[in-house]
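S.K.: Okay, predicted coordinates and the sequence, questions at the end:
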Amino acid sequence: MGFPGTWMTESESVVYRVVPKCACSTIGQIMYYSDHGAFFEGDIHDATDGMHKWAFETSQDAISDNVTSHRSYAFTCVRNPYTRILSSFFDKICGIQRNGKRYRGNLVPMLIQKYGIEVGEAPDFEFDQIKSFRRFLLFARDTIRWRRPMEPDIHWSAMSGHISTFIVNGGRYDHIFWTEKFNDGMQVVLDNIDTRHDILLGEIPRFNESEGHGPRRAHPVEDYFDDLSMHLMFEIYKRDFQLFKYDFENPGNKMPLGEIDLDEVHAKLGD
């Protein structure tokens, strides 16, 4: 299976396992800048050179050799499951994508037909966000639990699933940090690697490629989750809450409750 979703700087200074909707655009740009002294012009996900990515066949041997011998510092980044699934909804379901179209072609029309969601239309995007989100959450659960009406999408499949492939196939993380404490966590990475160009995190912009392409969240996070929604969240993301120390009981608390135990993560996701 190899190391899907894994990026590595050309200099092999650092290895990163991408987790969608967890600051991956900003992290990728930092990695690119650390080698080249400039940011990639455009969405870093579209970069086809200047960085090793598992999606490129020409990069796979270099990544495999590095990861299996643990030559470089390896890390990933996680996010509160409540805010992550909301971000996926507003970006991928309600938003217009970089190509000017809806995400995955017929996905949104299918959701409108089978689950009765609404997404609104530009420029106002007026619709009942809470009702539609809860119906989307049912769809996300169906894709993850029963793989119907489609396979689960990478943007709402569990973080632990993404992170586990790296471990199962022979990798080991040196650091896992939270998007909610991004500068602190990313600084630990930078303190442990040698880069061609210095990175001052306080001066790095946040690269949110989905911003401005759809509706803004109109309510506090906790308003989107009733008892049923929280039950579904625990069914889908139980390991994410437990391993990465997020507060399941309070959707309004985006901050972690404790420290991530790397040994626990490797033990529980390495089976």
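M.R.: That came in fine, so what should we check first? Residues are numbered from 1 along each chain as shown.
S.K.: Quickly find the element holding Arg147.
M.R.: Using DSSP states H and E, Arg147 sits in no helix or strand.
S.K.: Show the model's pLDDT score for the spatially closest residue to Phe182 that is not a sequence neighbour.
M.R.: Using Cβ to Cβ, 6 or more residues apart in numbering and skipping residues adjacent in sequence, the residue nearest Phe182 is Ala23, 5.9 Å away. C-betas here are computed from N, CA, C, even on glycine. pLDDT, Ala23: 96.
S.K.: For Ala23, give me phi and psi.
M.R.: Main-chain torsions, Ala23, degrees, to the nearest 10: phi 60, psi 30.
S.K.: Contacts only, for Leu137.
M.R.: Residues near Leu137 by Cβ atoms under 8 Å, 6 or more residues apart in numbering: Ile85, Ser229, Leu232, Met233.
S.K.: Against Arg104, how distant is the residue nearest to Phe182?
M.R.: Remark: distance between Ala23 and Arg104 (Cβ to Cβ, to the nearest Å) = 22 Å.
S.K.: Over to Glu118?
M.R.: Taken as Cβ to Cβ, the span from Glu118 to Arg104 is 18 Å.
S.K.: Looking only at neighbour counts, state which of those two leads.
M.R.: The neighbour comparison of Glu118 against Arg104 (other Cβ atoms under 10 Å) goes to Glu118, with 16 against 13.
S.K.: thinking the more buried one is in contact with Ile112, fair?
M.R.: Yes - judged on Cβ atoms under 8 Å, Glu118 makes contact with Ile112 at a distance of 7.2 Å.
S.K.: Stretch 67-86: which residues count as buried?
M.R.: Neighbour-count burial for stretch 67-86 flags 67, 72-86 (criterion: 16 or more other Cβ atoms under 10 Å).
S.K.: a strand runs through Val15, doesn't it?
M.R.: Yes - assessed with DSSP: H, G, I helix; E, B strand; the rest coil, Val15 lies in a strand.
S.K.: residue contacts, it?
M.R.: Counting by Cβ under 8 Å, 6+ apart, Val15 touches Thr6, Trp7, Met8, Ile63, Asn66, Val67, Ser72, Tyr73, Ala74, Phe75, Gly171.
S.K.: for the third one, phi and psi?
M.R.: Geometry field for Met8 lists phi and psi as phi -140, psi 140, criterion degrees, to the nearest 10.
S.K.: Val67 contacts Gly2, doesn't it?
M.R.: No - using Cβ under 8 Å, Val67 is not in contact with Gly2; the gap is 9.1 Å.
S.K.: Mutual contacts of these two, please.
M.R.: Asn169.
S.K.: Does the residue nearest to Asn208 when sequence neighbours are not counted belong to a helix, a strand or coil?
M.R.: Spatial nearest neighbour of Asn208, excluding adjacent residues (Cβ to Cβ, 6+ apart): Ser25 at 6.7 Å. Put simply, Ser25 is helix when judged by three-state DSSP.
S.K.: Right, I'll leave it there.
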